[in-house]
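A.B. asks: Got a predicted structure here, sequence first:
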Amino acid sequence: MNTKILMIVSSIFMMISGLGLTFVPEEISEFLNAGLNQTSILFLQILGSLYLGFGMLNWMTKNILIGGIYNRPLVVSNLAHFLVTSFALIKIAGKYTENKFPIILTLTIIYTVLTLCFEYVFMKNPNNVSGTN
């Protein structure tokens, strides 16, 4: 597996999510029927900043050796994020209405695929998984 591609894909996904949550939280909150109060908007913007920061971290580390013992904190944090979010999305996916279900299903698939990719990188020696240098 080429870890550079994995880091680029995950960083772009997180930065796009972060930009959306940061700059259009009212629209996202309204779409999800989460309520338009200041607290929910604030939490969505904070979540957006977290996604932006995590996306930038992944982007800046895309060219370094990743896997096995190399950059383990980076791999573990990505794996934890994508795994926990995948479980949350799988748990709640069936509770959304027809018009929201395709979006939640798409997010669930993306998160699950990224979880499996980071799990693979976590378990394998970087000589076998790294496509860099």
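C.D. replies: Arrived safely, thanks for sending. Numbers count the residues shown, from 1 in each chain.
A.B. asks: Quick one: low-confidence residue ranges for the protein.
C.D. replies: 1, 127-133 (pLDDT under 70).
A.B. asks: just the helices in it please.
C.D. replies: In the chain, the helices defined using DSSP state H lie at 3-23, 25-31, 38-60, 72-92, 101-123, 126-129.
A.B. asks: and of those, who's closest to residue 66?
C.D. replies: Among these, the nearest to residue 66 by Cβ to Cβ is helix 3-23 (4.5 Å). For the C-beta atoms, the positions are set from N, CA and C on the backbone; glycine is no exception.
A.B. asks: Kindly export that closest one (C-alpha atoms) in CSV.
C.D. replies: C-alpha atoms of helix 3-23 as CSV (Å, rounded to 0.1, in the frame of the first residue of the first chain):
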residue,chain,number,x,y,z
THR,A,3,1.1,5.4,2.3
LYS,A,4,1.6,8.7,0.5
ILE,A,5,-1.7,8.2,-1.4
LEU,A,6,-3.4,7.2,1.9
MET,A,7,-2.2,10.3,3.7
ILE,A,8,-3.2,12.6,0.7
VAL,A,9,-6.7,11.1,0.5
SER,A,10,-7.3,11.2,4.3
SER,A,11,-5.9,14.8,4.5
ILE,A,12,-8.1,16.1,1.6
PHE,A,13,-11.2,14.4,3.0
MET,A,14,-10.5,15.9,6.5
MET,A,15,-9.7,19.4,5.2
ILE,A,16,-12.8,19.5,3.0
SER,A,17,-14.9,18.3,6.0
GLY,A,18,-13.2,20.9,8.2
LEU,A,19,-13.8,23.7,5.8
GLY,A,20,-17.5,22.8,5.6
LEU,A,21,-18.0,22.5,9.3
THR,A,22,-16.1,25.7,9.9
PHE,A,23,-17.7,28.0,7.3
